[in-house]
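> sequence first, predicted coordinates after that:
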Amino acid sequence: MTHTDLNIQQKQAVEHTNGPLMILAGAGAGKTRVITQRIVHLIKSGVSPEHILALTFTNKAAREMRDRALGLIDADPEINRPVSARATGLTTPYIATFHSLGAALLREHARELGLKRHFTIFDRTDSTRAVKHAVKKLGLDPKQFEPRTVLGMISRHKGDGMGVGDYHADIGDTWRHTVGRIWQEYEAVLAKEGALDFDDLLLRTYTLLRDNEVVRTRCQTRWTHVHVDEYQDTNRVQFAITQLLVGEAANICVVGDIDQTIYSWRGANLANLLSFEEEFPGTTVVVLEENYRSTQTILAAANNVIAKNVRRKEKKLFTQNGEGEPIGLYSSFSEDDEARFVVEKAAELIAQGVAPREIAILYRANFQSRALEQTCMYAGVPYQVLGTRFFDRKEIKDVLSYIRAALNPDSQGDIARIVSTPPRGIGKLTLTKMLEKKEHELSPAAQQKVAEFTDLLSAIRDVALREKPSETIRFVVQKSGLEGKLKGGTEEDRERLENMKELATLASKYDAYAGEEGIEKLLEDAALATDQDSLEKNHNAVKLMTVHASKGLEFDYVFIVGLEEGLFPHERFDDSGDDEEERRLFYVALTRARKKVFLSHAVVRTIFGSQSIQTASSFIEDVGEEHLEALEGFSRPHEHKVDLIDF
């Protein structure tokens, strides 16, 4: 079998069929292409498609990998013969995120785990609300025990494989001891509402596979060949799940890049990739160093930067794309001056014919977007800030809450959200009695209103379990009264109604699933959506985002702003001193660009309301003077005039 469109290393990875394989894939080295081609090769080598599992981290990545793999499978005449695996009804590889796989396995074994099949998945907003409730119930100060901070600590422990019953803080450590009490109350809220949080989807899956030999064996038989993308981002629980899924056959292929490990703060364990060969003896290692994205100048700069790190496996990116332009360096007077330079340059590129969507502005911290947004607005440069997720919009959460409450009547948070959306004469007292299951204590008129609301949820449940997801969305929007309330209202009301209609359009993508699986998958994807899911492919605008959010994306032109000591590299307050991760983050930023990178820093920056003198980042020096071109800088605000441009 030949793969003429692959380089030697890619071909070696694709044609490796049995035993452990570790692919060290540099940025832009075509790893998704290799994984999808490898899946096709396995099928053509006799492995049934349904025995192939591929796991990644975001809905977006899983969707792209699935589309590419299925496209290759459908286009290959050797696979599409009349007598094929399609006759079995199980004809496609299982390509999903870790969390999505966990949700599927937990639903499949819900009864034996004491769960409802239609358990609610708490997103971060739901979880923060529940922790806030726990803090309040214990009479604690939410400023001292900030709910998001406490939730982060709980999340890290769950990611390390620890449940609340395993958590034992030294009684002398008051803060940690109190976190344990909050955690217990938080778990009580989850249990009461029949819900699991993000981390439970992994932790409960791990304990299921660890403790239930029948389930574990069934999974190992179901998936004989396992792939894990972005392996450097796995935490301890994901690492353990992978080991349990693989079993003795060790037909596992992991793809990762130590130089792109930027999520240690949320539990990613670099050691998982570094120790892979010890965990799986006889591992074949393939290094992908040829980059198909960037110019040689960009790669040379990135190689210079990352070479200073010690905890890595040696590799050096190269390309046949040509030398390319030098990296632009702008020294600004202030953040406003910096923003003017960036937006002027972006406008100049757009005027030359560059599509706005091919320009990205990356920053280390979210607060940096303020000056950039204001300047884009003033200059008339179309922009989109990554982070405003479609599923986070109020009207979308309202519609989905109707469905979640209908499928899981114990989901008190959803009931409280929708009971008066739109208003139906049910006040706080009535709601309290409803949640306490004491409707009989209400007046006859109040009982009638509660009964009507309950009947509405029952009708929604019937439709959700019987009809296609898109029909369910349309039913909810109409029968809930949301459409009637918003129709003919303000411009904002009409926009909300349009968003609900867009939700129905999106839901149609799930209509092909059998039975209730479609609506379950829609609710699951909504709960597990990431910031990258908010990027609209057809939204032709300059993208503004943090460097963390940019991972996995690529653009023709990339601006990296705020390159100052204490900002990028970021000043750390946890004594971790992990300068290597900050350098990896800068490496990720550089390698997002195809054609050209612009770097900028300010001499004076206002942070938390105070102006301070800034020192240029050491990363600029790491790039190498030979790759830089100094752009005219230190201009004062009055020297700049940003022309309005018309699109």
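In hand now; what should we look at? Residues are numbered from 1 along each chain as shown.
> tell me where the stretch 1-150 of the chain has strands.
For the stretch 1-150 of the chain, the strands defined by DSSP state E, counting those that start in this stretch occupy 21-25, 52-56, 94-97, 120-122.
> can you pull the phi/psi pair for the closest residue to Ser334 other than its chain neighbours?
Nearest non-adjacent residue to Ser334, counting by Cβ to Cβ, 6 or more residues apart in numbering: Val604, 4.9 Å away. C-betas here are computed from N, CA, C, even on glycine. For Val604, the backbone dihedrals are phi -130, psi 130 (criterion: degrees, to the nearest 10).
> report the contact partners of Val604.
333-334, 611-614 (Cβ atoms under 8 Å, 6 or more residues apart in numbering).
> who wins for neighbours among these?
Of all the contacts of Val604, Gln614 has the most neighbours under the rule other Cβ atoms under 10 Å, reaching 21 neighbours.
> who is the nearest residue to it once chain neighbours are set aside paired with across the strands?
In space, Gln614 comes closest to Glu564 once its chain neighbours are excluded; the distance is 4.1 Å by Cβ to Cβ, 6+ apart. Following DSSP bridges, Glu564 is listed with bridge partners Ala616.
> just checking, Glu564 touches Ser612?
No: assessed by Cβ atoms under 8 Å, Glu564 is found out of contact with Ser612, at 9.5 Å.
> which neighbours do these two share?
Common neighbours of Glu564 and Ser612 (criterion: Cβ under 8 Å, 6+ apart): Arg605.
> ok now do Cys22, which residues does it touch?
For residue 22 the amino acid is Met, not Cys. By Cβ under 8 Å, 6+ apart, the residues touching Met22 are 231, 253-254, 256, 273, 276-277, 283-286.
> compute the number of surrounding residues for Tyr513.
Tyr513: 15 neighbours (other Cβ under 10 Å).
> now Glu436: how far from Thr430?
Glu436 sits 11 Å away from Thr430, going by Cβ to Cβ, to the nearest Å.
> the stretch 301-450 of the chain: helices as residue ranges?
Per DSSP state H, counting those that start in this stretch, the stretch 301-450 of the chain carries helices over the ranges 335-351, 369-379, 394-407, 412-418, 428-435, 444-466.
> give the contact list for the closest residue to Ala302 other than its chain neighbours.
Using Cβ to Cβ, 6+ apart and skipping residues adjacent in sequence, the residue nearest Ala302 is Leu590, 4.5 Å away. Applying Cβ under 8 Å, 6+ apart, we find Leu590 in contact with 298, 301-302, 305, 558, 560, 597.
> again with Asp160
Asp160 touches 235-237, 267, counting by Cβ under 8 Å, 6+ apart.
> let's see 7 Å
When the contact criterion is Cβ atoms under 7 Å, 6 or more residues apart in numbering, the partners of Asp160 are Arg236.
> make 755 the first number, not 1, from now on.
New numbering, starting at 755: the last item is Asp914.
> looking at Glu1190 and Thr1184, which is more packed in?
Using other Cβ under 10 Å as the criterion, Glu1190 and Thr1184 rank with Thr1184 on top: 21 against 9.
> so that one makes contact with Gln1202?
No: here Thr1184 lies out of contact with Gln1202, judged by Cβ atoms under 7 Å, at a distance of 10.9 Å.
> neighbours of Thr1186, how many?
11.
> per-residue pLDDT, it?
pLDDT for Thr1186: 91.
> just Thr1142 next, same as before
Predicted confidence (pLDDT) for Thr1142: 54.
> any stretches of the protein with poor pLDDT?
755-758, 834-844, 923-926, 1141-1143, 1285-1292, 1326-1332, 1362, 1387-1401 (pLDDT under 70).
> nearest spatial neighbour of the residue most central in space within it, skipping sequence neighbours?
Nearest to the geometric centre of the chain sits Thr1284, at 3.6 Å (Cα atoms, centre = their mean). Closest residue in space to Thr1284, ignoring its immediate chain neighbours: Thr812 at 5.0 Å, by Cβ to Cβ, 6+ apart.
> wait, doesn't the one you found sit right on Thr851?
Yes: taking contacts as Cβ under 7 Å, Thr812 lies within contact range of Thr851: 6.5 Å.
> of the two, which one has the most company?
Using other Cβ under 10 Å, the more surrounded residue of Thr812 and Thr851 is Thr851, with 23 against 20.
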